[in-house]
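**Q** Task: produce atomic coordinates for the following.
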Amino acid sequence: MIQGRDFIWQHLPKCAGHTIEMALRAGLIGRPDIKFDPRFPEYVGWHDGVRSRAWRDPAFNPQGKTVISGFRRLPHWLLSRVHYEASRPPHHCATRDMVREGRYFEQSGEIVAADTLLQHYVCPENPQKWIRVEHLAADFREAFSGVLGPRMPAAEWQLRRVRNPTRIRYLEAVEFHFTNEDLAALYDANPVWASLERTLYGDTLADAVHSHPAPATAANGRP
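**A** I've put the predicted structure just below:
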């Protein structure tokens with residue numbers, strides 16, 4: 001989490017959080033009004049949402065602050081998270097049924113649904129902005145231009161330069177992993193994510209498939 005006088009940045013995992021953090025460090029260095037959490041694993045609260053931080057720290061006061069978080073389309077987010085957890089010890093590998101329902105393993109072995117995680121970061125009591133990974137540069141500027149002011153060019157330079165060290169290589173094509181029916185089931189199982197995605201993008205990937213149907217493709221990529 002990063003806190004300023006009038007904003008709170010929440011690090012929703014697998015949503016360009018490392019890249020945004022480094023850009024903010026470049027633009028806000030030396031500002032006494034900005035508080036950066038120590039990074040994970042030094043501080044387990046690095047991925048706190050507003051409510052979990054309030055539970056962890058009774059002195060924390062988010063009242064009146066704009067809450068800013070990363071976001072991305074659900075299938076892309078889920079594939080990133082599932083492959084990340086499979087790649088790091090103890091190498092939990094989600095089952096096919098779990099993926100179709102938007103569930104994944106945490107490193108602890110706990111099985112969590114995408115909606116359960118997202119609800120930790122939705123703050124209806126605060127003004128809230130979302131930085132879409134697919135529109136990173138434009139959304140970053142819109143969210144932080146008032147905070148960064150003349151330091152915006154330095155932050156944007158860093159935003160273009162950073163490469164997430166936790167990023168792993170895997171086949172990212174959604175159509176390889178999900179049939180059209182899988183996409184519909186995934187969003188049906190995670191209505192909070194689906195609703196926010198429609199608000200931020202105008203549709204979900206399942207809506208787009210429904211509007212422009214293509215020949216059904218099996219999960220292994222074969223017709």
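**Q** which residues of the chain fall in strands?
**A** Ranges of strands within the chain are 2-3, 7-10, 35-36, 66-71, 103-105, 111-113, 128-132, based on DSSP state E.
**Q** list the helices and strands the third one packs on?
**A** Here strand 35-36 is seen to pack against strand 2-3, helix 17-28 when contacts are counted using 3 or more C-beta pairs under 8 Å, 6 or more residues apart in numbering; DSSP states H and E. In this view, the C-beta of every residue, glycine as well, is placed from N, C-alpha and C.
**Q** any idea which of these is most buried?
**A** Highest mean neighbour count among the helices and strands packed on strand 35-36 (mean count of other C-beta atoms under 10 Å): helix 17-28, with a mean of 21.
**Q** How much space separates Lys14 from Arg160?
**A** 20 Å (C-beta to C-beta, to the nearest Å).
**Q** so can I have a markdown table of the strands of the chain showing mean pLDDT?
**A** Shown next, in a markdown table, are the strands of the chain (pLDDT from 0 to 100):
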| stretch | mean pLDDT |
| --- | --- |
| strand 2-3 | 95 |
| strand 7-10 | 97 |
| strand 35-36 | 93 |
| strand 66-71 | 97 |
| strand 103-105 | 96 |
| strand 111-113 | 96 |
| strand 128-132 | 98 |
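**Q** can I get the ones you listed in a markdown table with distance to Ala194?
**A** Listed next are the strands of the chain as a markdown table, based on distance: least, C-beta to C-beta, whole Å:
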| stretch | distance to Ala194 |
| --- | --- |
| strand 2-3 | 28 |
| strand 7-10 | 20 |
| strand 35-36 | 33 |
| strand 66-71 | 12 |
| strand 103-105 | 15 |
| strand 111-113 | 12 |
| strand 128-132 | 14 |
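**Q** Let me have the helices and strands packed on strand 35-36 in CSV, extended by distance to Gln128.
**A** Converted to CSV, the helices and strands packed on strand 35-36 look like this (distance: least, C-beta to C-beta, whole Å):
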stretch, distance to Gln128
strand 2-3, 15
helix 17-28, 15
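**Q** so which of the ones you listed comes closest to Cys123?
**A** strand 2-3 (13.7 Å; C-beta to C-beta).
**Q** and Val192, which of the strands of the chain is closest to it?
**A** Closest among the strands of the chain, using C-beta to C-beta: strand 111-113, at 9.6 Å.
**Q** Please identify the buried residues of that closest one?
**A** Ala113 (16 or more other C-beta atoms under 10 Å).
**Q** where are the low-confidence patches of this structure?
**A** Low-confidence segments of the chain (pLDDT under 70): 163-166, 210-223.
**Q** Gly45 is nearest to which of the helices and strands packed on strand 35-36?
**A** Across the helices and strands packed on strand 35-36, closest to Gly45 is strand 2-3 (C-beta to C-beta), at 11.7 Å.
**Q** Run me through the strand neighbours of that closest one, direction for each.
**A** strand 7-10 (antiparallel), strand 35-36 (antiparallel) (DSSP bridges).
**Q** circling back to that earlier point, more crowded one of Lys14 and Arg160?
**A** When neighbours are counted by other C-beta atoms under 10 Å, Lys14 and Arg160 differ, and Lys14 comes out ahead with 25 against 10.
**Q** Tell me who's in contact with that one.
**A** Arg72, Trp77, Ser80, Arg81, Tyr84 (C-beta atoms under 8 Å, 6 or more residues apart in numbering).
**Q** can you count the residues close to the closest residue to it other than its chain neighbours?
**A** Using C-beta to C-beta, 6 or more residues apart in numbering and skipping residues adjacent in sequence, the residue nearest Lys14 is Ser80, 4.5 Å away. If you count neighbours by other C-beta under 10 Å, Ser80 ends up with 21.
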